[in-house]
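Student: below: sequence and its predicted model.
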Amino acid sequence: MGRAFGASVAESLGKAGSMIDGHTKLAGVMGWPVEHSRSPMMHNHWCRVNGVNGAYVPLPTRPEGFDQALRGLAAAGFQGVNVTIPHKEAAMRACDELTPTAKRAGAVNTICFVAGRIIGDCTDGTGFCDNLGAHDVAIAGRALILGAGGAARAVAAALLDRGCEVVITNRTLERAEGLVGALGGGEAVAWYEWPSLLSGCSLLVNATSMGMGGKPGMDWDSALREAAPGLCVTDIVYTPRETPLVLAAQARGLRTVDGLGMLVHQARAGFRAWFGVDPEADHTTFDLLAASLR
Ligand code: ATR
């Protein structure tokens, strides 16, 4: 798998690279480590299919060098960058300006360099909602969010801002309470309580790291026992695409949305801002990413 993935990144960069010239617009992803990121593959694919003279490169950036690297990329004429683990909070502090969405999410994942200024946005929440929209899932009613980390915050803010009733639960209750306080909305409940709340929910979101690598982390089947028939279950984990939660929900006949679409939809705003084209979240994009996950 590692070889296939490495080869396909090299191939996608190679193809983008074949048209690099003095007019090529540059963007990339800052992370540490960053080699696992699927963003170069996705953005270079979009450059190719949209005929954009652009290239998107991995930018392995040590935490202690983040600010210097960010300013350097701005000075070197990059259009902007994505920011991933562990830099999402540091990026907030390093930006000259933040969008209201980034402030609310408490993190930055997309940065634009505009007229010498570094502007930070967070597109995770919008990406999450756009992915649900692409699956015709209504963003309404009561949403139960598992987790209280950075991903949970972006999702909770987006759902609250779109009028959902939001319930946040976390293994460590204080973090859920802290999130509700920071967002000025929603309700925090104890972890043991959440399965019993499912009968009144329209959406269940796993925003914990449980399920990564296919490790269940808990007994999802029992936890879903009280689910209302109309419940939509979604996971932000996409490695594997069919997480233990998604599989348990499917086995119960519930509607599911996997996490890969959030990755695709959160990327679109950055591509649009840097390269001036709205990329399509089409099946070739999904096929490319899905193949890299196998
Ligand atoms: P991120 O910023 O990517 O969301 P994070 O801040 O490390 O990552 O948050 C991970 C989330 O997964 C947290 O909500 C964490 O719960 P705690 O706050 O109690 O640590 C949750 N999590 C991780 N492993 C878990 C497990 N085995 N059971 C329940 N929750 C778990």
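Tutor: Received it, and whenever you're ready, just let me know what you need. Numbers count the residues shown, from 1 in each chain.
Student: quick one, what contacts the residue of the stretch 1-150 of the chain found nearest the ligand?
Tutor: Residue nearest to the ligand within the stretch 1-150 of the chain (CB to the nearest ligand atom): Gly149, separated by 2.4 Å. For glycine as for every other residue, the C-beta is placed from the backbone atoms N, C-alpha and C. Taking CB atoms under 8 Å, 6 or more residues apart in numbering, we find Gly149 in contact with 175, 207-209.
Student: which of the residues you listed sits closest to the ligand?
Tutor: Nearest to the ligand among the contacts of Gly149: Thr208, at 3.3 Å, using CB to the nearest ligand atom.
Student: ok, and the closest non-adjacent residue to that closest one?
Tutor: Distances taken as CB to CB, 6 or more residues apart in numbering place Gly147 nearest to Thr208, at 3.8 Å, with adjacent residues excluded.
Student: before we move on, back to that, out of the contacts of Gly149, which touch the ligand?
Tutor: Restricting these to those near the ligand by CB under 6 Å from any ligand atom leaves 175, 208-209.
Student: now the residues you listed in a markdown table, with secondary structure and pLDDT?
Tutor: A markdown table is the format used below for the ones next to the ligand among the contacts of Gly149 (DSSP: H, G, I helix; E, B strand; the rest coil; pLDDT from 0 to 100):
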| residue | secondary structure | pLDDT |
| --- | --- | --- |
| Arg175 | helix | 98 |
| Thr208 | coil | 97 |
| Ser209 | coil | 95 |
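Student: so Phe66 touches Ala91, yeah?
Tutor: Yes. Phe66 lies in contact with Ala91 (CB atoms under 8 Å); the separation is 7.5 Å.
Student: give me the more crowded residue out of those two.
Tutor: Comparing Phe66 with Ala91 by other CB atoms under 10 Å, the one with more neighbours is Ala91, at 26 against 19.
Student: doesn't Ala107 make contact with the more buried one?
Tutor: Yes. Assessed by CB under 8 Å, Ala91 is found in contact with Ala107 at 7.4 Å.
Student: list the residues that contact the residue nearest to Thr208.
Tutor: Counting by CB under 8 Å, 6+ apart, Gly147 makes contact with 168, 170, 206-209.
Student: for those, which two are the farthest from each other?
Tutor: Ile168 and Ser209 (15.8 Å; CB to CB).
Student: these two - which one has more neighbours?
Tutor: The residue with more neighbours, out of Ile168 and Ser209, is Ile168; 30 against 14, by other CB under 10 Å.
Student: the closest residue in space to Val57 that isn't next to it in sequence and Ile20: what is the separation?
Tutor: Among residues not flanking Val57 along the chain, Gly28 sits closest, at 4.2 Å (CB to CB, 6+ apart). Using CB to CB, to the nearest Å, we find Gly28 at a distance of 13 Å from Ile20.
Student: comparing the two, which residue is more hemmed in?
Tutor: For Gly28 and Ile20, the more surrounded residue by other CB under 10 Å is Gly28, and the numbers stand at 23 against 13.
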